[in-house]
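Mind folding the following:
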Amino acid sequence: MNPSSAILSDADANLVAATLGGASEAFGTLVERYDRAVYNLCLRTLRDPEEAKDATQEAFFKAFRALRTFRPEAKFSTWIFSIAYHACCDRLQRRKRFTGGEMPDRADVGPGPDVQAERRDEARELRAAIDALPEKYRAVITLYHLQGRQYDEIAEVLRLPMGTVKTHLFRAKELLRRRLAGLRDDSAAEGAD
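Numbering: from 1, shown residues only. Take a look at the predicted model:
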């Protein structure tokens, strides 16, 4: 654990204690601190911006209601990511029973029009490649590469053995590499026509 994450963990534990002591605004600080990261995890898992917003709110609501079960020696980030991930899994199960959905394209911002267009294409390709991964690989890639989480934290969030996390991450990277290489080969072939 690096020193800044240790300080953050201590600060988070203090905010949890303050919330349990009746200072509800302390929980608001935790929400502000983790809202974006939790939303991004939900978005990558659910691939639907509105559902991701709902799942994010649901995760924080569940966390607030279960705050007394939080262990002070644990990391709040791991705990909230676990709650959010499992809330998303519940939503995916319900969705499978009723309907399907696609994540709409979102623009990527860049410094100039040509760079912007290139970045949008690359981002779209990467999003599509990540979205095409099986859900178990999407979750690991999102937590590791997009959220910057360590193996042990991912294992705790997803409730998987460390070896399984490493295997999922390796396989996800391989699938992404092959898919993105295939897309670039297809583009090069189209340009030669």
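
quick one: average pLDDT of whichever strand or helix holds Glu51?
Using DSSP states H and E, Glu51 maps to helix 49-65. The pLDDT scores in helix 49-65 average 91.

elements contacting that helix?
helix 24-46, helix 76-98 (3 or more CB pairs under 8 Å, 6 or more residues apart in numbering; DSSP states H and E). Quick note: C-beta positions are derived from backbone N, CA and C, even for glycine.

Next, the angle helix 76-98 makes with the first one.
Right, helix 24-46. 50 degrees (axes from the mean of the first three to the mean of the last three CA atoms, to 10 degrees).

Show me the contact partners of helix 24-46.
12, 15-16, 18-19, 49, 51-53, 55-56, 59-60, 64, 67, 76-77, 80-81, 84-85, 87-89, 91-92, 103, 130, 135, 138-139, 141-143, 146-147 (CB atoms under 8 Å, 6 or more residues apart in numbering).

Now do the contacts for Tyr85.
Leu41, Thr45, Ala139, Val157, Leu158.

one step back: Leu126: which of the helices and strands packed on helix 49-65 is closest?
Closest to Leu126 of the helices and strands packed on helix 49-65 is helix 24-46 (CB to CB; 11.3 Å).

Go through that closest one and flag the buried ones.
For helix 24-46, a neighbour-count test (16 or more other CB atoms under 10 Å) marks 26-27, 29-31, 33-34, 37-46 as buried.

Next: stretch 60-70.
Phe60, Ala63, Leu67, Phe70.

ok, the nearest residue to the first one once chain neighbours are set aside to Ala52 distance?
Nearest residue to Phe60 in three dimensions, chain neighbours excluded: Val31, at 5.4 Å (CB to CB, 6 or more residues apart in numbering). Taken as CB to CB, to the nearest Å, the spacing of Val31 relative to Ala52 amounts to 15 Å.

most centrally placed residue in this protein?
For the chain, Leu41 is the residue whose C-alpha lies nearest the centre (CA atoms, centre = their mean; 2.0 Å).

if I look at that residue, how far off is His168?
For Leu41 relative to His168 (CB to CB), the value is 15 Å.

Where do the domain boundaries of this structure fall?
1-103, 110-193 (automatic domain parsing).

Off-centre distance for the longest one?
Using CA atoms, centre = their mean, to the nearest Å, the mean C-alpha position of domain 1-103 is found 10 Å from that of the whole chain.

Quick check: next helix or strand after the helix or strand of the chain with the lowest mean pLDDT?
Across the helices and strands of the chain, mean confidence by mean pLDDT, DSSP states H and E is lowest for helix 113-132: a mean of 70. Going down the chain from helix 113-132, the next helix or strand is helix 135-141, by DSSP H and E.

so what does the helix or strand following that next one touch, helix or strand wise?
Sequence order places helix 151-158 as the next helix or strand after helix 135-141, per DSSP H and E. Applying 3+ CB pairs under 8 Å, 6+ apart, one finds that helix 151-158 contacts helix 76-98, helix 135-141, helix 162-192.
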